[in-house]
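Trainee: Need coordinates for the below:
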Amino acid sequence: MTCAGLSQWGSMYLAEQGYSAIEIIRYYYGNDMYINTADIISGVPSSWPGYDLSLGSSGEKVRQLQTQLNRIARNYPAIPTVTADGIYGPATANAVRVFQGIFNLPQTGITDYPTWYEVSEIYVGVSRISEPGS
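Mentor: Prediction:
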């Protein structure tokens, strides 16, 4: 059975010609459809900052981590809530350590790559941002 619509190699060829994703879809399926787009999707966790967060770290990534941990703590009350001030102090390190223990990660208190993504995954689940209408 062959697909009369979108094809992997055909779409790759169009992309190499400079077509955007929406232009490729329209190429195959026409303009007789509605495609909804958004410039910004709120609530979706941003990606790994590229470095570990630990005592002394500060900034928006720390504030994001603190905010997500606080939301997770509503479902996992053993995790202590922290002030979402963007400063990775002893309270944040402790909250991370408790989170790591609950989710079977090494209890270092350092937000490394595996911890960041586990926090993001659990946050998405408990906040239900991945569900329609939430």
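Trainee: Could you chop the chain up by domain?
Mentor: Using automatic domain parsing, the domains assigned to the chain come out as 1-37, 60-127.
Trainee: between the ones you listed, which gets the lowest average pLDDT?
Mentor: Looking at the domains of the chain, the lowest mean pLDDT belongs to domain 1-37 (a mean of 76).
Trainee: Which positions within it qualify as buried?
Mentor: Neighbour counts using 16 or more other CB atoms under 10 Å place S11, L14, I24, I25 of domain 1-37 among the buried residues. C-beta coordinates here come from the backbone N, C-alpha and C atoms, glycine included.
Trainee: right, and P106 touches Q100 too?
Mentor: Yes: in terms of CB atoms under 8 Å, P106 counts as a neighbour of Q100; the distance is 6.4 Å.
Trainee: neighbour count winner among the two?
Mentor: Using other CB atoms under 10 Å as the criterion, P106 and Q100 rank with Q100 on top: 21 against 12.
Trainee: Now distance to S54 too, for the domains of the chain, in a markdown table please.
Mentor: Output for those, formatted as a markdown table (distance: least, CB to CB, whole Å):
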| stretch | distance to S54 |
| --- | --- |
| domain 1-37 | 38 |
| domain 60-127 | 4 |
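Trainee: For S47, find the nearest of these.
Mentor: For the domains of the chain, proximity to S47 was assessed by CB to CB; domain 60-127 is nearest, at 8.4 Å.
Trainee: sorry, back to before: which one of the domains of the chain lies nearest to L53?
Mentor: Judged by CB to CB, the one of these that comes nearest to L53 is domain 60-127, at 4.0 Å.
Trainee: Fine by me, thanks again.
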